[in-house]
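Peer 1: just to be clear, the model below is a prediction. Sequence and coordinates:
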Amino acid sequence: MQPEIENLVKTYGWSMDELDKETWLGVFSDNLESYTAYMFGNPVPVSRIPVSADDPLYDTIGHLPPKQQLAAKCDGMIFKRIKVGQSTISNILISVSDTDAATGKDYFRHWEIVNPDHPECIARDLDDKYWYFQEGKHEWEFHKENGEWRVTKFKCVIYRREVRERQDLT
């Protein structure tokens, strides 16, 4: 069971790096309960599924089930903001509580070259000579769905986020 769950965590990272939205979404349960991202020390999430009434997308996607909300938001959060990315996930710890429930946690480091056409990058006057570096931890809850493990709750806590100018290796 644990290798199967660990592979789910690794698939999350690899599919994000390969900008493979469908595989990335496939990691999550159709019965996704929550997906939250926090900056360390701030109790208010920088991103939250299900969306709250103060989210600019609430009127558009607030009526959708959480996994469909995630599908609608992930382009702006990840797949259209990143031009190239690389994730390293380490110290994966899985605890299986019964035959169809488990929890997990890990540490991550993520580098990405930004997409200069993304609104966040335009607002910060960043082009593709810049890249983000962030590190933190993930916390996971897993359940079996149709005989396969899926993520039902996900929490990302970002400890550090930096913007750096890229250096050419030529």
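Peer 2: Here it is on my side, so go on. Just so we're clear, the structure is a prediction, and the values are computed from it rather than from any experiment. Numbering: from 1, shown residues only.
Peer 1: how far does the lowest-mean-pLDDT helix or strand in the chain sit from the chain's center?
Peer 2: Using mean pLDDT, DSSP states H and E, helix 119-123 stands out as the lowest-scoring helix or strand of the chain, at a mean of 74. Distance of helix 119-123 from the chain centroid (CA atoms, centre = their mean, to the nearest Å) equals 19 Å.
Peer 1: what is the helix or strand that comes right after that helix packed up against?
Peer 2: Using DSSP states H and E, the helix or strand that follows helix 119-123 in sequence is strand 130-145. Counting by 3 or more CB pairs under 8 Å, 6 or more residues apart in numbering; DSSP states H and E, the packing neighbours recorded for strand 130-145 are helix 2-17, strand 101-114, strand 148-165. In short, each C-beta sits where N, CA and C put it, glycine included.
Peer 1: mind running it again at 7 Å?
Peer 2: Counting contacts by 3 or more CB pairs under 7 Å, 6 or more residues apart in numbering; DSSP states H and E, strand 130-145 packs against strand 101-114, strand 148-165.
Peer 1: so what touches the longest one?
Peer 2: Residues outside strand 148-165 that contact it (CB atoms under 7 Å, 6 or more residues apart in numbering): 4-5, 8, 27-29, 31-40, 126, 129-143.
Peer 1: which of the residues in the least confident helix or strand of the chain are buried?
Peer 2: Cys121 (16 or more other CB atoms under 10 Å).
Peer 1: do the same with stretch 136-147
Peer 2: Buried-residue list, stretch 136-147, by 16+ other CB under 10 Å: 136-138, 140-144.
Peer 1: okay if I get the residues you listed as CSV plus distance to His63 and pLDDT?
Peer 2: Listed next are those as CSV, based on distance: CB to CB, whole Å; pLDDT from 0 to 100:
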residue, distance to His63, pLDDT
Gly136, 31, 96
Lys137, 32, 97
His138, 28, 97
Trp140, 27, 98
Glu141, 24, 97
Phe142, 27, 98
His143, 24, 97
Lys144, 28, 95
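Peer 1: low-confidence regions, this structure specifically.
Peer 2: Where the chain drops to pLDDT under 70, the residues are 1, 169-170.
Peer 1: who does the closest residue to Gln86 other than its chain neighbours bridge with?
Peer 2: Nearest in space to Gln86, with sequence neighbours left out and distances taken as CB to CB, 6 or more residues apart in numbering, is Trp111 at 5.0 Å. Using DSSP bridges, the bridge partners assigned to Trp111 are Gln86, Phe133.
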